[in-house]
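Engineer: for reference, the sequence and a predicted model appear below.
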Amino acid sequence: MHSAHWLHIMMFVYSLGALGACGNDSSQPAARERTARASCDRLTACGEVGAGKTYESRDACDVKMNSLWQDILPPSQCDGRINSEALDVCLDSIALAECGNALDLLNIFGNKCAKSKLCSEP
């Protein structure tokens, strides 16, 4: 599955509200950077980054994934409220994602990396 499909699945899950609220150990910018980096690391490992690929360069992937994670983890709801244990689970699930597996991606973005798990209650 091309990462364009991967991105569409993530956005679809997000638009349905499946990514539902941000421990206290990390800032939103740091969590956004870590999840974006993990996403691009995985996309690179799956062969989706490079000339003629979904993302022409690592920089292009970084920009797109930072934007995506900014939307998933809005600063107004998550800054200063990132749950570090949930973030570690999220990052591990991204790193272990099976290339091209849509169900795996739905589990990651609808469950393992859901805003409701990454961000604590106010």
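Structural biologist: Happy to help now that I have it. Keep in mind it's a predicted model, so treat the numbers as computed, not measured. Residues are numbered from 1 along each chain as shown.

Engineer: where does the chain have low pLDDT?
Structural biologist: 1-25, 121-122 (pLDDT under 70).

Engineer: please name the residues that touch the closest residue to Met65 other than its chain neighbours.
Structural biologist: Nearest non-adjacent residue to Met65, counting by C-beta to C-beta, 6 or more residues apart in numbering: Ala36, 3.8 Å away. (Glycine included, C-beta is placed from N, CA and C.) Contact analysis of Ala36 by C-beta atoms under 8 Å, 6 or more residues apart in numbering lists 62, 65-66, 68-69.

Engineer: now Ala36: how far from Gly52?
Structural biologist: 22 Å (C-beta to C-beta, to the nearest Å).

Engineer: and Pro74, by the same measure?
Structural biologist: Taking C-beta to C-beta, one finds Pro74 at 34 Å from Gly52.

Engineer: comparing these two, which residue is more hemmed in?
Structural biologist: Pro74 (14 against 5; other C-beta atoms under 10 Å).

Engineer: show me where the protein has its helices.
Structural biologist: For the chain, the helices defined by DSSP state H occupy 3-15, 28-45, 58-72, 75-78, 84-95, 102-107, 115-118.

Engineer: how much space between Met65 and Ala86?
Structural biologist: Counting by C-beta to C-beta, the separation of Met65 from Ala86 is 19 Å.

Engineer: the two: which is more packed in?
Structural biologist: Legend: neighbour count by other C-beta under 10 Å for Met65 and Ala86, higher for Met65 (25 against 20).
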